[in-house]
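Novice: build me a structure from this.
(one chain, ligands or ions: 2)
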Amino acid sequence: MAPPQGSRAPLEFGGPLGAAALMLLLPVTMFHLLLVARSGPARLLGPPPYLPGLEELWSPWALLLCLTWLGLQAALYLLPARKVAEGQELKDKSRLRYPINGFQALVLTALLVALGVSAGLPLSALPEMLLPLAFAATLTAFIFSLLLYLKALVAPASALAPGGNSGNLIYDFFLGRELNPRICSFDFKYFCELRPGLIGWVLINLALLMQEAELRGSPSLAMWLVNGFQLLYVADALWYEEAVLTTMDIIHDGFGFMLAFGDLAWVPFTYSLQAQFLLYHPQPLGWPLASFICLINAVGYYIFRGANSQKNTFRKNPSDPRVADLETISTATGRRLLVSGWWGMVRHPNYLGDLIMALAWSLPCGVFHLLPYFYFLYFTALLVHREDRDERQCLQKYGLAWHEYCRRVPYRIVPYVY
Ligand SMILES: NC(=O)C1=CN([C@@H]2O[C@H](COP(=O)(O)OP(=O)(O)OC[C@H]3O[C@@H](n4cnc5c(N)ncnc54)[C@H](OP(=O)(O)O)[C@@H]3O)[C@@H](O)[C@H]2O)C=CC1
Ligand SMILES: CC(C)=CCC[C@@H](C)[C@H]1CC=C2C3=C(CC[C@@]21C)[C@@]1(C)CC[C@H](O)C(C)(C)[C@@H]1CC3
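Specialist: Ligands and ions are numbered 1, 2, ... in the order given. From the prediction side, this is the model:
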């Protein structure tokens, strides 16, 4: 049985109080967004049109649908993979193995959905079920986090995450105690991060597009753009699935309520906000402006993909010809830091690209409502906070070399601005 690690790691997210507040605030915000997106005024900062009763939130069918979806994605995860990748080295010097078959899961899901729709599956009825589905996903995430917390009680100390083991129940429940909770080779965090939520998000978007087609004869250009951009983002995440193994969530964060709720509920139900908004508030969009928005998304994607691939290639094999010529600085750990290429422009070029794409996803919704810009605003806050966490972790890991990197590359996310 693992002893609590005490409070060695500094507390993040405002400690236990911050964690408790976030556990309440995040689901409340998600339901607020779902309610206002379908209301006439669609005011992000106004009160919700009404407070739903339990009878509107709770539906055993929604829970069944939610669990069936998780079961389907778990089954697809277990199918033979085209490749098995090794993760980063762990505290005990071992490396975990991960199946690389996320894109295959996306394609198979698309085929199953297409088959279902042609056989009469009423996908366009899904938007009407968003509220009970979001409630079921939140409940599932809560119970799942509880089980993860209990599982961590019997995990060896070497399996625990650097944070999330303060000894405070609320804080540890929120952050997650175990770094890579698994049953046999089934890795819960890796599975949740990329499959049910991300694929669920594009499925909800598609259902909204289909309902718009039923309501108005055809989907609007704005709806096509939002669906297309976000499908590209999700397909990219699954195509480059291996790159997730070098992200902070996999390497550093435990698996607790924050990620379980984030992956299973927050991502599908709030990241589809622009499509939800467009279904109830159609926006005129001409081709010239649409082309300009596509250009913004393409620029964001180019930076995001370029930066993430460069770091991933470098971390996997620094002698790879694609990165071998880049300038680096040495650190005491033996790992080097890139100081040219994308990572010489700002210290988080991947965040910059992601933020530019976030803006492109909101622009098709026009400029007269703040609501569709929620994702951009939330994401800016998330990435600024995330960048700050990462800086502290890197300073701890690399010490003086990190100071040198900061001196050579002074801007964090936006060149000459931040
Ligand atoms: N859509 C969404 O909701 C979200 C998307 N994201 C996206 O996920 C992606 C991953 O983000 P995240 O995990 O936060 O962070 P990064 O992928 O940027 O990973 C940070 C790590 O990269 C390594 N690193 C930093 N600087 C350098 C350098 N100069 N040279 C080489 N390695 C370096 C360090 O780890 P080490 O040295 O140990 O390798 C550092 O801890 C981003 O594109 C982000 O935009 C993130 C959060 C939410
Ligand atoms: C506020 C809240 C609920 C916090 C939880 C945050 C999570 C929603 C995000 C933390 C990191 C994420 C990543 C992605 C999705 C959102 C979460 C889970 C990601 C899978 C999206 C697709 C990208 O290509 C990515 C693979 C780089 C990315 C990884 C991080």
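Novice: switch to C-alpha atoms for all contacts and neighbour counts from now on
Specialist: Fine.
Novice: what parts of the stretch 101-250 of the chain come near ligand 2?
Specialist: E193, L194, A237, V244 (CA under 6 Å from any ligand atom).
Novice: list only buried entries from those.
Specialist: The neighbour-count test (16 or more other CA atoms under 10 Å) marks E193, L194, A237, V244 as buried among those.
Novice: pLDDT score for the residue located most distally from the centre of the chain?
Specialist: For the chain, the C-alpha farthest from the mean C-alpha position belongs to G217; by CA atoms, centre = their mean, that distance is 32.7 Å. At G217, the predicted lDDT confidence score is 92.
Novice: ok, now the one 5 residues further on?
Specialist: pLDDT recorded at A222 is 97.
Novice: what about the helix or strand where it lies, distance to the chain center?
Specialist: Following DSSP states H and E, one finds A222 within helix 221-239. Relative to the mean C-alpha coordinate of its chain, helix 221-239 is positioned 14 Å out (CA atoms, centre = their mean, to the nearest Å).
Novice: now do the helices in the stretch 201-350 of the chain.
Specialist: For the stretch 201-350 of the chain, applying DSSP state H, counting those that start in this stretch gives helices covering 221-239, 248-251, 257-261, 267-270, 273-280, 287-316, 349-362.
Novice: what residues of the second one count as buried?
Specialist: I take that to be helix 248-251. By neighbour count on 16+ other CA under 10 Å, the buried set for helix 248-251 is D249, I250, I251.
Novice: distance of the residue of the stretch 101-250 of the chain found nearest ligand 2 from ligand 1?
Specialist: Here the stretch 101-250 of the chain gets closest to ligand 2 at one residue, A237, 3.9 Å apart by CA to the nearest ligand atom. Going from A237 to ligand 1 by CA to the nearest ligand atom, to the nearest Å gives 9 Å.
Novice: contacting residues for the nearest residue to that residue once chain neighbours are set aside?
Specialist: Leaving out its chain neighbours, the residue that sits closest to A237 by CA to CA, 6 or more residues apart in numbering is L194, at 7.4 Å. Contacts for L194 (CA atoms under 8 Å, 6 or more residues apart in numbering) come out as G102, A237, L238, E241, D263.
Novice: what's the last one in contact with, if anything?
Specialist: With contacts defined as CA under 8 Å, 6+ apart, the neighbours of D263 are C192, E193, L194, P196, G197, L198.
Novice: residues near the nearest residue to A222 once chain neighbours are set aside, how many?
Specialist: Using CA to CA, 6+ apart and skipping the chain neighbours, the partner closest in space to A222 is P364 (5.0 Å). P364 has 26 neighbours, counted by other CA atoms under 10 Å.
Novice: repeat for the one 3 residues further on
Specialist: Counted by other CA under 10 Å, the residues lying close to V367 total 12.
Novice: just to revisit the earlier point, which of the buried ones among the residues of the stretch 101-250 of the chain next to ligand 2 sit farthest apart?
Specialist: E193 and A237 (10.1 Å; CA to CA).
Novice: any idea of the pLDDT on Y373?
Specialist: pLDDT at Y373 comes out at 97.
Novice: nearest residue to it in space, please, no chain neighbours.
Specialist: Distance criterion CA to CA, 6+ apart; nearest residue to Y373, sequence neighbours excluded, is S362 at 5.5 Å.
Novice: cheers, nothing more for now.
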